[in-house]
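Chemist: Here is the input, now give the coordinates:
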Amino acid sequence: MSTSVSAAPKLRGSYAKTPAQRERIVDAAFAEFIEVGFAEATINGIARRAEMSRAGILHHFATKTDVLAATLARCDAVIDAHMEGRRGVDVVRGILSLFDGDQALADVMRVQGALSAEALRPDHPAHAHFARRFAAIADALDEAFAVMGVEGRATTDVPTAQIARESLALAEGLFLQWLRGDTDVDVAAAVRRHVQRFFSVDA
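Modeler: Numbers count the residues shown, from 1 in each chain. The predicted model follows:
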C-alpha cells in the first residue's frame, strides 16, 4: 500500500491566485495603516495600493476589520518566528533586534507601532489584541530576567516583573517618538542601557 501523500488538485481561475492576492492586500494594508492609521484607512485606499478593485478586496475580506485582523496575524507570525526558541538573555537580544532588524521586521514594527497607539481607545477593534500581546511580551521578558538571575547575571534586587514592564514602556515610548520623525532615537541602544542597569548583559 502506498504511503505517499497525494498532490493537491490544481486550482483554476481566480481561486488559484487567492493566497497571493490576500498577501497582496495585506501588503497594501500595511502601507495604508502606517500612513493613515486604521480609523482613516478605507477599503478604497487599500484597493488603490493593491492595484485591485474594491470588489476584489471585498471578495477576500468582508470588512476593513477583517483586513486589520489579517494584518495583525501577519505581524504576530513574523515576531513569533523571530522569538521562537529563545530563552534567558537571548529573549532580550531578540526583543532588541526587533528595533534594528531587517526590512521585514521594520515594516512589522512600524505598522504595529501605528496601530497600537491608535488602539489605546477601548472601542478600537485591536485594543484587546494589543493588551494581550503586550501582557504576553511582559511575561516572557519577566521570565527571561528570572532565568538571567538564576544564571548570576542580576546586579539588583528589583523585581523582574517591574524591570520587564519598565523596559517595555521605554521601548514603546521611544519607538513612538521615532515613528513621529525623531530618527536620531536608537530604541535598541536605549533599552539595552536600561537593562544593563540591572543585569550583566552583552546583548
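
Chemist: how about the helices of the protein, start to end?
Modeler: 18-40, 43-50, 54-60, 64-83, 89-97, 103-118, 127-150, 160-179, 187-195 (DSSP state H).

Chemist: between the ones you listed, which one is nearest to D202?
Modeler: Closest to D202 of the helices of the chain, according to CB to CB: helix 89-97, at 7.9 Å. Placement of C-beta: from N, CA and C, glycine included.

Chemist: neighbouring contacts of that closest one?
Modeler: Helix 89-97 has contacts (CB atoms under 8 Å, 6 or more residues apart in numbering) with 82-83, 86, 105, 137, 140-141, 143-144, 147-148, 151, 153, 171, 188, 191-192, 195, 199, 201-203.

Chemist: buried subset of those?
Modeler: Buried by 16 or more other CB atoms under 10 Å: 82-83, 105, 137, 140-141, 143-144, 147-148, 153, 171, 188, 191-192, 195, 199, 201, 203, out of the contacts of helix 89-97.

Chemist: quick revisit: including mean pLDDT, could the helices of the chain go into TSV?
Modeler: Below are those laid out as TSV (pLDDT from 0 to 100):
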stretch	mean pLDDT
helix 18-40	94
helix 43-50	97
helix 54-60	94
helix 64-83	95
helix 89-97	94
helix 103-118	91
helix 127-150	95
helix 160-179	94
helix 187-195	94
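
Chemist: in stretch 32-52, what counts as buried?
Modeler: Neighbour-count burial for stretch 32-52 [16+ other CB under 10 Å]: 32-34, 38, 41, 43, 45-47, 49-50, 52.
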